[in-house]
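Chemist: This is a predicted model, with the sequence first.
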Amino acid sequence: MAAAFLSTANSFLSSTFSPSTSSSCSSSSSSSLTPASVYLNNQNVKRRRALCKAFNESPSPSPALTKRGFSLCFITSLVLAGNGCSNGNAAILEADDDEELLEKVKRDRKKRLERQGVISSSDQEKGYLQDLVYKLSKIGQAIDNNDLSAASSVIGGSTGTDWVKNANLSFSKLSSSPEEKNQVETFNSSLASLISSVTKNDAESSKIAFVASASAFEKWTTLTGLVGQLKGL
């Protein structure tokens, strides 16, 4: 029976293989191969072709979400969310800044109106300050001419004279900010030095003290808005 099976297999293989296939097999195999060996080899080839076909026709697997891919997606979502939050926060901060700026403008305008109202109703104080301008002008001219005796007669010899007291009354009423009050202090200290220098007949120190006094007063009038309402400045 074994011989009959081999004979049948040999006739089956001879009828099913083409000449090119037979020649290929004969060239790649030795001439001593039996029909059974050829049959088994052909079955292996068919099996490999079937496996290759099944693999090629199988649907491509969907990409798996690996840990690295998940991390990248998570980080990207955080960055995008962060950008959105940053833009939103920036818009809120800009709106807050605009509101603060608007409130500051309103406060400053209110202060200016209040200051203008105080100045408009302070005719007496403005008269005292106008007298101060005249006094300082005469003192400056006398010092420039090296006539310290004339300067001393205008000053009056001390800070307790009426024109100095009246000037300080005006300063107290019309000064509101720390900067304005600082200029008043500078003026009074410089005026005290001026009186002392004139009394000592020290021309150089008198000039320095006069310039400091006049500068402090001019800065004060600029801060308070009186610079345009007093003559001689």
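Modeler: Received the coordinates, thanks. Numbering: from 1, shown residues only.

Chemist: Could you use CA atoms for every contact and neighbour count after this?
Modeler: OK.

Chemist: Buried residues of the helix or strand I143 falls within, list them for me.
Modeler: Secondary structure assignment for I143, by DSSP states H and E: helix 123-144. For helix 123-144, the neighbour count (16 or more other CA atoms under 10 Å) marks 125-126, 128-133, 135-136, 139-140, 142-143 as buried.

Chemist: Can you list the neighbours in contact with that helix?
Modeler: 119, 148, 150-152, 154-155, 163-164, 166-167, 169-170, 203, 206-207, 210, 214, 230-233 (CA atoms under 8 Å, 6 or more residues apart in numbering).

Chemist: Likewise for stretch 215-224?
Modeler: If you take CA under 8 Å, 6+ apart as the criterion, stretch 215-224 is touched by R115, L174, S175, E179, E180, Q183, V184, T186, F187, V227, L233.

Chemist: got the buried residues for stretch 148-160?
Modeler: L148, A150, A151, S152, I155.

Chemist: ok, so of those residues, who is nearest L102?
Modeler: Closest approach between these and L102, by CA to CA: I155, at 47.5 Å.

Chemist: What distance do you get for that closest one to Q124?
Modeler: 21 Å (CA to CA, to the nearest Å).

Chemist: for L148, same thing?
Modeler: The spacing between L148 and Q124, counted by CA to CA, is 30 Å.

Chemist: again with N166
Modeler: To Q124, N166 is 10 Å away according to CA to CA.

Chemist: and what of D97?
Modeler: 42 Å.

Chemist: Now do the helices in the chain.
Modeler: 2-16, 19-28, 35-57, 67-120, 123-144, 148-155, 162-174, 178-199, 203-224 (DSSP state H).

Chemist: Let me see the mean pLDDT of the longest one.
Modeler: Average pLDDT, helix 67-120: 65.

Chemist: cool, the shortest one as well?
Modeler: Over the span of helix 148-155, the pLDDT mean works out to 95.

Chemist: So which other helices or strands are in contact with that helix?
Modeler: Identification of packing neighbours for helix 148-155 by 3 or more CA pairs under 8 Å, 6 or more residues apart in numbering; DSSP states H and E yields helix 123-144, helix 178-199.

Chemist: Please put the alpha-carbon coordinates of it into CSV.
Modeler: The C-alpha atoms that make up helix 148-155 are tabulated as CSV, following Å, rounded to 0.1, in the frame of the first residue of the first chain:
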residue,chain,number,x,y,z
LEU,A,148,23.7,143.3,53.0
SER,A,149,22.5,146.2,55.2
ALA,A,150,19.6,146.8,52.7
ALA,A,151,18.9,143.1,52.7
SER,A,152,18.8,143.1,56.5
SER,A,153,16.4,145.9,56.6
VAL,A,154,14.0,144.1,54.3
ILE,A,155,14.3,140.8,56.2
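
Chemist: Next, the residues that contact it from outside, please.
Modeler: With CA under 8 Å, 6+ apart as the test, helix 148-155 has contacts from K135, K138, I139, G140, A142, I143, T161, I195, V198, T199, N201, A203.
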